[in-house]
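Colleague: what follows is a protein structure lacking sequence information:
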C-alpha cells in the first residue's frame, strides 16, 4: 500500500535521502494529520526515530499544524531547547511535512536551504503524482534527484560549474549553456557546453548590464529574445534568446548561468532557478573550505619565512634585504623596495627589480605619494589601479609594468620604522586583495623582526660604548678587569697559567706639554694600533687610562709574554723615532706578572706588574721587565 496515494514509496524514500544529503541533516516525513510516513535515516543509513531528539509528541503535532498554517518553512525549538526545521509541502490538495533532527546552522543558512528544498520537493511530488500526463517532467525530476542523492562535494568551483552544465543540457534539451564569473567590472565566460560552445566562449557582459543586475538583484531568472538587444550585447546572429540565472545567495554572487536559444516554461525556469540556489549553497561551502585551506597554507608559508628572518636580527642590512625578497616571493612580484624612516621622511634601504643607483638619492617626505601616506597614517594601502588615484605628490610610473600597488608600513607599537612597497606581479598580473592581506600579515611579523634588530643593535652599541675607550677603540679599564677576573677563575679551575702586562708611554706628560694634546692623542691611537697587530687574536688589549695600556695573554708563560712585550716595544721605538721637532723619540716601558706565580687575584697581579713596570722606569725606561726576575 502506498504511503501517500499517487506517490511511489521508493521515490518518497529517494526524496528523503536526497534532501538529507543536500542539507547534511536527517529528515522524517509526516502527513498533514501528524502520522509518521518515513522515519529519519542517520548518516550511517540506519533508521532513527525523531523521538531520539524529542520525546514530546505534542511538540511534533503542534509544529506540523503551525507549519501547515503558515505554509512556509519554520524553525521551532522543542522543550529541551533543540531546534528542528518543519517544511510543509503541499500538492494537489494533499501535503506532507518534513521534520529535521537537531539543526545547528545559522538562521541565514536555514533560509538559504529550506525555501529551495520546499520548492524542489513540491515540484518533485507534483510531477510524480501526475506522472501519467507529465511523464517527461517526471523523468527530469527523478534524474535530478537521483544525481543529487549521489553527489559528493566537488573539489573546485570549475567542477561545480561543469556539473551544472551537464545536468541542465541533459534534462532540458538546452542548445548551448555557459557559466560566467565576475572579473572586475565584467562577467566573463568561465566554461561553456553545447552546440555553440565555441561561439560563446569569448563572450562577456558588463556588470551593470540590465539582464545581469536585474537577475542578481531579484535572485530570479531573466529572459530576453529581442534580437536587437541581443545584438547590442555583442552576441552573434545565431543567438536568438538568452536566459540568465544567478548563482547567488543574499550575501554573495558566485556567477551566472546563461542558456542560449532555449525556450522554457515558467515551471521549468523555476526548477532551474531552484537548482541554481542549491548549487549556490555548495559553492558557498566550497569557498569557505578553500579560504580555510588557503589560510592554513598562508600561515605555514609565513611561519617558514619568518623563521628565515631570525638569523639576521643582528644585521639590519641583511634583514631588510631578506624581508623584501621574501615579501616579493610570497606574492610572486618582480619589483619592490623597503624604505626606512629618517625623521619625518623615508629613504630607500633596499630595492629589487629597479636599478638601485637610480633610487639611492630618493627621499620621500611624510605624506608624500603612496609610501609617504602609508608612513604618515601608519595604515597599509592597496591600490588596484594607481592611475585612478589623485594624489598631488604621486610620481609618474613609467618604470612600472602594472597599475596595482601595495604599500605597507613596518610598525611596532606607535613607532613606524619604514614602509614595504610591492608592485609588478609576474606575467603582468595585478596584485589581488588576497596578496594585500598576505603581505599585511607578513609585514606585521617583519616589523617585529625589524624592531628586535634595531633594539639588538642599539643594545650592542650601548654595550660597546660602555666597554670601550672612545679615543683608541680598545676595551676600557673597567671591562678589562671583568675579563681579567674571568680569566683568573677559568685558569684556577683548569690549573692553567696566563700573563698580564702593563705598557706605559715614557715621559708622555712632557710630550703633551712640548708637542700638544692633539699630537698626544695621535700617539695614543697609533700605539693602540701597533700593539693590537703585535698580539694574538685571543689576547686582550685595553687602555687603562692616561698613557697606560693593559694586555691579558691567556695560556702564556713569562718567557713568551716577554717576547710579545719586546715585539711591541721595539715596534713603537722604531716607528716614532725622529718624528717631532721638540721630542725626538717616543718609547714605552713594560712590566709583566703571571698567574699564579705572581698573584692569585687582580690586586696581587696588578701590584706585581706595577712593581716590574716601576723597575723598568727606574732603570732607564724603554725596556721590558718581568716581575720574577728581581722578586
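Modeller: On my side now, so go ahead. Everything numeric in this text was worked out from a predicted model, so none of it was measured.
Colleague: would you map the helices across the stretch 1-150 of the chain?
Modeller: Counting by DSSP state H, counting those that start in this stretch, the stretch 1-150 of the chain has helices at residues 9-23, 57-70, 107-129, 135-149.
Colleague: so what pLDDT did the closest residue to residue 241 other than its chain neighbours get?
Modeller: Closest residue to residue 241 apart from its sequence neighbours, by CB to CB, 6 or more residues apart in numbering: residue 225 at 4.0 Å. In short, each C-beta sits where N, CA and C put it, glycine included. Residue 225 is assigned a predicted lDDT (pLDDT) of 89.
Colleague: so residue 225 versus residue 262, what's the distance?
Modeller: As judged by CB to CB, to the nearest Å, residue 225 and residue 262 stand 10 Å apart.
Colleague: find residues that contact each of those two.
Modeller: The contact sets of residue 225 and residue 262 overlap at residue 241 (CB atoms under 8 Å, 6 or more residues apart in numbering).
Colleague: if you count surrounding residues, which of these two has more?
Modeller: It is residue 262, of residue 225 and residue 262, that has more neighbours when counted by other CB atoms under 10 Å, with 23 against 12.
Colleague: part of a strand, is the more buried one?
Modeller: No: assignment of residue 262 by DSSP: H, G, I helix; E, B strand; the rest coil gives coil, placing it outside any strand.
Colleague: what's the closest non-adjacent residue to it?
Modeller: Of all residues not flanking residue 262 in the chain, residue 174 sits nearest, at 4.7 Å (CB to CB, 6+ apart).
Colleague: quick one: secondary structure of the one you found?
Modeller: coil.
Colleague: run a quick neighbour tally on it.
Modeller: Using other CB under 10 Å, residue 174 has 21 neighbouring residues.
Colleague: which residues sit in contact with it?
Modeller: Applying CB under 8 Å, 6+ apart to residue 174 gives the contacts 168, 194, 259-260, 262.
Colleague: if we use 10 Å, what do you get?
Modeller: 165, 168, 193-195, 243, 259-264, 272 (CB atoms under 10 Å, 6 or more residues apart in numbering).
Colleague: please enumerate the helices of the stretch 351-500 of the chain.
Modeller: Taking DSSP H, counting those that start in this stretch as the criterion, the stretch 351-500 of the chain contains helices spanning 356-359, 369-377, 433-467, 477-494.
Colleague: walking through the stretch 501-631 of the chain, point out its strands one by one.
Modeller: Applying DSSP state E, counting those that start in this stretch to the stretch 501-631 of the chain gives strands spanning 540-545, 548-554, 588-595, 624-626.
Colleague: relative to the longest one, what are the paired strands and their orientations?
Modeller: According to DSSP bridges, the neighbouring strands of strand 588-595, each with its direction, are strand 498-505 (antiparallel), strand 624-626 (parallel).
Colleague: low pLDDT regions in the stretch 451-600 of the chain?
Modeller: The stretch 451-600 of the chain contains residues with pLDDT under 70 at 455-466, 578.
Colleague: try it again with 90
Modeller: 451-480, 482-483, 493-494, 510-520, 536-538, 544-546, 573-586 (pLDDT under 90).
Colleague: comparing the helices of the stretch 1-150 of the chain by mean pLDDT, which bottoms out?
Modeller: With a mean of 52, helix 135-149 has the lowest mean pLDDT of the helices of the stretch 1-150 of the chain.
Colleague: ranges for the strands of the stretch 301-450 of the chain?
Modeller: 333-342, 345-352, 363-365, 381-383, 405-412, 415-425.
Colleague: kindly state the pLDDT recorded for residue 442?
Modeller: pLDDT for residue 442: 78.
Colleague: verify the stated contact: it with residue 448.
Modeller: No: contact criterion CB atoms under 10 Å: residue 442 and residue 448 do not qualify, at 11.1 Å.
Colleague: who has more neighbours, these two?
Modeller: residue 442 (22 against 15).
Colleague: how much space separates that one from residue 218?
Modeller: Taken as CB to CB, the span from residue 442 to residue 218 is 42 Å.
Colleague: one more: residue 261?
Modeller: When CB to CB is the yardstick, residue 261 and residue 218 sit 23 Å from each other.
Colleague: looking at these two, which one has more neighbours?
Modeller: residue 261 (18 against 11).
Colleague: let me see the contact set for the nearest residue to that one once chain neighbours are set aside.
Modeller: Sequence neighbours aside, residue 175 is the residue nearest to residue 261 in space, at 4.0 Å (criterion: CB to CB, 6+ apart). Taking CB under 10 Å, 6+ apart as the criterion, residue 175 is in contact with 169, 194-196, 238-241, 259-263.
Colleague: which of those residues are buried?
Modeller: The neighbour count (16 or more other CB atoms under 10 Å) marks 169, 194, 196, 239, 241, 259-262 as buried among the contacts of residue 175.
Colleague: most centrally placed residue in the chain?
Modeller: In the chain, the centroid-proximal residue (CA atoms, centre = their mean) is residue 438; its distance is 3.6 Å.
Colleague: I'd assumed residue 329 was in contact with it.
Modeller: No: the pair residue 438 / residue 329 is not scored as a contact, 11.3 Å apart, by CB under 10 Å.
Colleague: count of residues packed around the nearest residue to residue 496 once chain neighbours are set aside?
Modeller: Once flanking residues are discounted, residue 496 sits nearest to residue 555: 6.2 Å by CB to CB, 6+ apart. Each residue near residue 555 was counted by other CB under 10 Å, and the total is 15.
Colleague: right, I'll call it a day here.
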